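# okay, predicted coordinates and the sequence, questions at the end:
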Amino acid sequence: MTSIKDRIKKASHNTKRIPVYLGLDHNLLDEYQQALSDLEDAESRAPDADTSTYGDSLESVPTSQAVVEQRERVQQLRDRLDEYKVMLTIRPLDDDEWERVRLAHPPRRGGDGVEADLRDTDSQFNTSTFPGGLLRAAVVDPQLDDEDWGRLLGTDGQPALLPMPQQHQAADEVLRISRHRLNIPFS
């Protein structure tokens, strides 16, 4: 049996891999979402289609020709979408790191300098820049330099390659692994 000291020495930091999509063709995304809807319709019209017993697995759903063809279409579109996917490996931030990022992105102030800008009224940080700051602090792979980050998150005069909704979604994952309890039920 391995001692706790040995386990600590061998342990690596917690990480999580998350997908982001760079240069995504939103028409392709719309086409994919429509194909998913069409697949759901085809499955509901399939003979003996009791989808309540099939779960999320595409392989176990009734196989009329229309369903088979629509599954193939969904998979083709998914493969095309995945060409835009980049995986980022993030790590949780400890309390001191979190606070440094928060302080580096203070809430915007209104015209008089006292009241918070409406976009940041309910936050303790700048809601536009904080997500990018979290990502910069938490991404451990791939290794990115300032130029890469500038292109991903945008700079003055240069739009972000990673749109704000994706920045927020990725930052939410950093938040989740940094600030929320680990919930592993006891057996």
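Yes, it's here.
# please count neighbours and contacts with C-alpha atoms only from this point.
Noted.
# pLDDT wise, what is the nearest residue in space to residue 32 that is not next to it in sequence at?
Nearest residue to residue 32 in three dimensions, chain neighbours excluded: residue 77, at 5.7 Å (C-alpha to C-alpha, 6 or more residues apart in numbering). On pLDDT, residue 77 comes in at 96.
# element containing residue 133, please.
helix 130-138 (DSSP states H and E).
# any buried residues in the helix or strand just after that helix, and which?
Following helix 130-138 in sequence order, the next helix or strand is strand 139-141 (DSSP H and E). For strand 139-141, the buried set under the neighbour-count rule, 16 or more other C-alpha atoms under 10 Å, comprises 139, 140.
# can you find the helix or strand in this protein with the smallest mean pLDDT?
helix 4-10 (a mean of 87; mean pLDDT, DSSP states H and E).
# that older thread, which elements pack onto the helix holding residue 133?
helix 95-104, helix 164-179 (3 or more C-alpha pairs under 8 Å, 6 or more residues apart in numbering; DSSP states H and E).
# okay, these, which one's buried deepest?
Comparing these by mean neighbour count (mean count of other C-alpha atoms under 10 Å), helix 164-179 ranks first with a mean of 18.
# from the contact counts, what lies against that one?
strand 16-21, helix 130-138.
# that helix: how far from the chain's middle?
Computed by C-alpha atoms, centre = their mean, to the nearest Å, the chain-centroid distance of helix 164-179 equals 7 Å.
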